[in-house]
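A.B. asks: 3D model of this:
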Amino acid sequence: MQDYDRDIRILIIEDNPGDVRLLRDALKELKAPVEIRVAPDGAEGLRVIYNGNSGSEAWHPDLIFLDLNLPKVGGHEVLARLKADPDKRLIPVIVLSSSRAENDINRAYEAHANAYIRKPTSLDDLMNAVRGLKSFWIDTVRLPNVPDI
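C.D. replies: As a prediction, this is how the structure comes out:
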């Protein structure tokens, strides 16, 4: 398990409040050391990263969970913008999508997504997926730009 001097900052860019709630609850149940912010669409996700939200400064997430089918600015566009920006491209982006389309999967990886995960359809599958995400992305790997003790 990594020892960081602060919680891991996760930005969830997801327009489905139910999916957000389930993801938050699963991370809480697994006692993941995270600070979570949520953006309900791609435009708001970019605004949080670049300009902050509610008058706050820009917020640098350590990890992004990104849906593809988003209003205003779609997930593919968000991913492309982040990975084209030298200051943001190191942020790992995990695509969480219900799409099985090979085109979506290939396009996400071509834009340098760090992983593509199909959204689980049951609570048990969701817990298993989040357990795996926590184990790998929080407990095992060393995230870029996260200071440690």
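
A.B. asks: Would you map the strands across the protein?
C.D. replies: Secondary structure of the chain (DSSP state E): strands at 8-13, 34-39, 63-66, 93-97, 115-118.

A.B. asks: ok, the nearest residue to L70 once chain neighbours are set aside - contacts?
C.D. replies: Closest residue to L70 in three dimensions, ignoring its sequence neighbours and counting by Cβ to Cβ, 6 or more residues apart in numbering: G42, at 4.4 Å. For every residue, glycine as well, the C-beta is placed using N, CA and C. Contacts were defined as Cβ atoms under 8 Å, 6 or more residues apart in numbering; by that measure G42 touches 13, 70-75, 77-78.

A.B. asks: likewise L22?
C.D. replies: Neighbouring residues of L22 by Cβ under 8 Å, 6+ apart: 123, 126.

A.B. asks: What is the neighbour count of N145?
C.D. replies: N145 is surrounded by 10 other residues when neighbours are defined as other Cβ atoms under 10 Å.

A.B. asks: To clarify, my last question referred to R142.
C.D. replies: Burial of R142, expressed as a neighbour count using other Cβ under 10 Å, amounts to 8.

A.B. asks: Give me the below-cutoff pLDDT ranges for the chain.
C.D. replies: For the chain, applying pLDDT under 70 flags the ranges 1-4, 52-58, 146-149.

A.B. asks: Regarding it, what is its longest helix?
C.D. replies: Longest helix in the chain by number of residues (criterion: DSSP state H): helix 17-29.

A.B. asks: list the buried ones in that one?
C.D. replies: 19-20, 22-24, 26-27 (16 or more other Cβ atoms under 10 Å).

A.B. asks: ok, now stretch 62-74?
C.D. replies: Going by neighbour count (16+ other Cβ under 10 Å), the buried part of stretch 62-74 is 62-68, 70, 73-74.
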